[in-house]
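Asker: here is my input, please return the structure:
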Amino acid sequence: MADLFKPKTLKDRVFAGTFGNNSASIKTRTLAAAAIGDKVYFAIIPYGAVIHSVTLRNAALGASTQLSLGWEYKDGTAGGSATAFLTAGATATAGSREYTGLPVETDKDVVAYATVSGGAATGEVAVIIEYEYIGTE
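Answerer: Now for the predicted structure:
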């Protein structure tokens, strides 16, 4: 009797879920005069995930306002940047922008956040992050 398709090691990554290992984090925040330099935190993406798609949607946030979108390690160690996904872009009118870079594989838990610039921001902002959970070895 043979063991067909047996994992090479017990550390092989496990795949599960209704849509395979695909997940989405959809978070909305309502800003009330968020000041220049304020960070707006959206989601924690787990260690062992590959981020494929990130979308930032905003209502009209006020004259001269801008948002950038990035990530940092949850544990506070150095990594990521405030503009890892999107550089500062105008948010005075309602809009939507998408990350067009290569997939980002997380080697620790990461936190996605936006940074306010240009002026005080008031209104609703949403971030949609689509990722595949691969797991850790």
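
Asker: the spatially most central residue of the chain is in what secondary structure piece?
Answerer: Of all residues in the chain, the one closest to the mean position by C-alpha atoms, centre = their mean is A112, 4.3 Å from it. Using DSSP states H and E, the element containing A112 is strand 110-117.

Asker: in its sheet, what does that strand sit against?
Answerer: According to DSSP bridges, strand 110-117 forms sheet pairs with strand 39-45 (antiparallel), strand 66-73 (antiparallel).

Asker: where do the strands sit along the chain?
Answerer: For the chain, the strands defined by DSSP state E cover 22-34, 39-45, 49-58, 66-73, 81-90, 95-98, 104-105, 110-117, 121-133.

Asker: now those in a markdown table, with mean pLDDT?
Answerer: A markdown table is the format used below for those (pLDDT from 0 to 100):
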| stretch | mean pLDDT |
| --- | --- |
| strand 22-34 | 93 |
| strand 39-45 | 94 |
| strand 49-58 | 97 |
| strand 66-73 | 97 |
| strand 81-90 | 97 |
| strand 95-98 | 98 |
| strand 104-105 | 94 |
| strand 110-117 | 95 |
| strand 121-133 | 95 |
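
Asker: surely L31 touches V40?
Answerer: Yes - using C-beta atoms under 8 Å, L31 makes contact with V40 at a distance of 6.7 Å. C-betas here are computed from N, CA, C, even on glycine.

Asker: so what's in contact with these two at the same time?
Answerer: Common neighbours of L31 and V40, counting by C-beta atoms under 8 Å, 6 or more residues apart in numbering, are 116, 125.

Asker: tell me which of the two has more neighbours.
Answerer: Set L31 next to V40 and count neighbours by other C-beta atoms under 10 Å: L31 wins out with 23 against 18.

Asker: quick check: T30 touching L61?
Answerer: No - T30 is beyond contact range of L61, at 10.6 Å (criterion: C-beta under 8 Å).

Asker: neighbour count: these two, which is higher?
Answerer: With neighbours defined as other C-beta under 10 Å, T30 and L61 compare such that L61 has more, 26 against 10.

Asker: give me the pLDDT for Y99.
Answerer: Per-residue confidence (pLDDT) for Y99: 97.

Asker: no no, G20
Answerer: For G20, the pLDDT comes out at 68.
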